[in-house]
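A.B. asks: Sequence isn't available, so here's the structure alone:
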């Protein structure tokens with residue numbers, strides 16, 4: 001079996017967009033609508049919406065690779081790097097600082113051409129704190145670069161990338177293609193889909209290729225629409241990780257990539273739908289704070305803030321007395337009294353009763 005890069009037509013990707021013409025039209029409609037909604041928000045609300053989407057992207061692009069970062073730490077790091085809260089601490093977890101810095105770099109410099117230098121910088125940010133691997137340079141080891149799963153001795157090889165000695169030439173071609181494709185491929189998602197697949201198939205770094213590849217996909221989309229994208233692609237991918245890996249695996253066995261294009265377009269649309277809900281939630285949250293900020297005690301403020309950090313999808317399992325006590329260190333009697341007070345004020349909505357009683361925020 002030959003992989004895509006071993007075939008004579010590499011990297012001359014072929015595809016049909018007949019089945020997704022309507023979805024491509026939806027993308028442009030949603031892009032305009034999200035931009036319009038965002039413009040209707042205040043500067044503070046715009047900043048909050050964009051920070052929430054960046055935090056989601058940072059966390060989910062790491063989760064896809066099996067790394068789990070603290071949402072609170074990532075949020076603090078991004079806010080500090082934006083200059084909104086310069087007093088916030090620098091975290092010992094270098095992964096948090098690195099991925100936060102990468103999120104900002106992708107958005108601040110989206111319109112600049114891609115280059116070897118840029119990719120090295122991204123990789124250096126992302127791999128901050130990593131040991132035992134080559135950082136900020138192409139891989140150079142002689143052993144094959146393989147994507148494998150399974151126990152030692154019974155590994156399944158899903159993909160083998162080009163040998164390290166060919167990487168400088170392969171990446172030179174890729175970077176040239178990426179910068180030229182800006183004017184040649186008019187449909188943003190198509191360019192983004194190909195860019196991600198093309199980069200992942202070369203797999204030029206020793207580690208971090210998936211996260212850098214998703215950053216490249218985002219850069220391609222941002223360049224094509226003329227502003228940083230306002231959604232989290234990785235959040236949408238992570239929601240069905242197996243579909244991502246399976247479709248990518250199939251695409252890396254042929255240079256006919258219609259199935260990959262179809263998957264990627266639907267994934268981007270899912271991300272846009274999620275972003276619309278996230279932006280709408282940000283607006284509700286701001287109004288909620290304005291209305292209730294003087295009616296909550298310190299414990300209640302802490303709990304409400306923690307729930308709202310979870311975004312429009314809400315606090316998993318709802319709030320209950322046990323969680324309230326854990327978050328505030330209040331006694332059981334105080335927690336019960338605080339929760340009843342929040343219900344009476346119309347801030348919490350009770351669900352269920354007795355010991356299984358839980359609460360959701362009522363906007």
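C.D. replies: Here it is on my side, so go on. Treat the numbers as computed from the prediction; the structure is a model and nothing was measured.
A.B. asks: Could you list the residues in contact with stretch 256-263?
C.D. replies: 13-17, 19-20, 190, 193-194, 197, 243-244, 247-248, 250-251 (Cβ atoms under 8 Å, 6 or more residues apart in numbering). C-betas here are computed from N, CA, C, even on glycine.
A.B. asks: Make a ChimeraX selection of the buried ones in those residues.
C.D. replies: Here is the ChimeraX selection string for the buried members of the contacts of stretch 256-263, based on 16 or more other Cβ atoms under 10 Å:
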select :13,15,20,190,193,194,197,244,247,248,251
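A.B. asks: so who does the residue nearest to residue 318 when sequence neighbours are not counted touch?
C.D. replies: Excluding the flanking residues, the one nearest residue 318 by Cβ to Cβ, 6 or more residues apart in numbering is residue 358, at 3.5 Å. Neighbour list for residue 358: 317, 318, 319, 320, 350, 351, 352 [criterion: Cβ under 8 Å, 6+ apart].
A.B. asks: Ok, residue 9 next?
C.D. replies: The contact partners of residue 9, taken as Cβ under 8 Å, 6+ apart, are residue 255.
A.B. asks: Please tell me the pLDDT value assigned to it.
C.D. replies: Note on residue 9: pLDDT of 96.
A.B. asks: for residue 151, same thing?
C.D. replies: Looking at residue 151, its pLDDT stands at 69.
A.B. asks: for the strand or helix carrying residue 243, the distance to its chain's centre please.
C.D. replies: Per DSSP states H and E, residue 243 falls inside helix 241-251. Relative to its chain's centre, helix 241-251 lies at 17 Å (Cα atoms, centre = their mean, to the nearest Å).
A.B. asks: all strands in the protein, in order from the N-terminus.
C.D. replies: 146-149, 156-160, 348-351, 358-361 (DSSP state E).
A.B. asks: Tell me the helices and strands packed up against the helix or strand of the chain with the lowest mean pLDDT.
C.D. replies: When the helices and strands of the chain are scored by mean pLDDT, DSSP states H and E, strand 146-149 comes last with a mean of 82. Contacts defined by 3 or more Cβ pairs under 8 Å, 6 or more residues apart in numbering; DSSP states H and E place strand 146-149 against strand 156-160.
A.B. asks: other SSEs contacting the strand it packs on?
C.D. replies: Right, strand 156-160 is packed against strand 146-149, helix 241-251 by 3+ Cβ pairs under 8 Å, 6+ apart.
A.B. asks: Report the inter-axis angle for the longest one versus strand 156-160.
C.D. replies: Orientation check (axes from the mean of the first three to the mean of the last three Cα atoms, to 10 degrees): helix 241-251 against strand 156-160 gives 60 degrees.
A.B. asks: list the contacts for residue 189?
C.D. replies: So residue 189 contacts 24, 27, 221, 264, 265, 268 (Cβ under 8 Å, 6+ apart).
A.B. asks: can you check residue 279 too?
C.D. replies: 34, 37, 38, 41, 49, 230.
A.B. asks: for the stretch 1-150 of the chain, which spans come out with low pLDDT?
C.D. replies: Applying pLDDT under 70 to the stretch 1-150 of the chain flags no residue at all.
A.B. asks: Apply 80 and report the result again.
C.D. replies: Scanning the stretch 1-150 of the chain for pLDDT under 80 picks out 1, 91, 149-150.
A.B. asks: Tell me where it has helices.
C.D. replies: Using DSSP state H, counting those that start in this stretch, the helices of the stretch 1-150 of the chain run over 21-39, 43-64, 71-81, 94-108, 116-126.
A.B. asks: other SSEs contacting the first one?
C.D. replies: Using 3+ Cβ pairs under 8 Å, 6+ apart as the contact criterion, the neighbours of helix 21-39 among helices and strands are helix 188-202, helix 258-292.
A.B. asks: how about it: buried residues?
C.D. replies: Of all the residues in helix 21-39, those buried under the rule 16+ other Cβ under 10 Å are 24, 26, 27, 30, 31, 34, 37, 38.
A.B. asks: what does the second one give?
C.D. replies: Buried residues in helix 43-64, defined by neighbour count with 16+ other Cβ under 10 Å: 45-46, 48-64.
A.B. asks: what's the angle between it and helix 116-126?
C.D. replies: Going by the same axes, to 10 degrees, helix 43-64 makes 80 degrees with helix 116-126.
A.B. asks: Skipping its backbone neighbours, what lies nearest the residue nearest the centre of the chain in space?
C.D. replies: Residue closest to the mean C-alpha point of the chain, counted by Cα atoms, centre = their mean, is residue 57 at 2.1 Å. With Cβ to Cβ, 6+ apart as the criterion, residue 57 has its nearest non-adjacent residue at 4.2 Å, and that residue is residue 232.
A.B. asks: Relative to residue 129, how far out is residue 123?
C.D. replies: Per Cβ to Cβ, to the nearest Å, residue 123 is found 13 Å from residue 129.
A.B. asks: for stretch 329-345, what is the average pLDDT?
C.D. replies: On average, the pLDDT along stretch 329-345 is 92.
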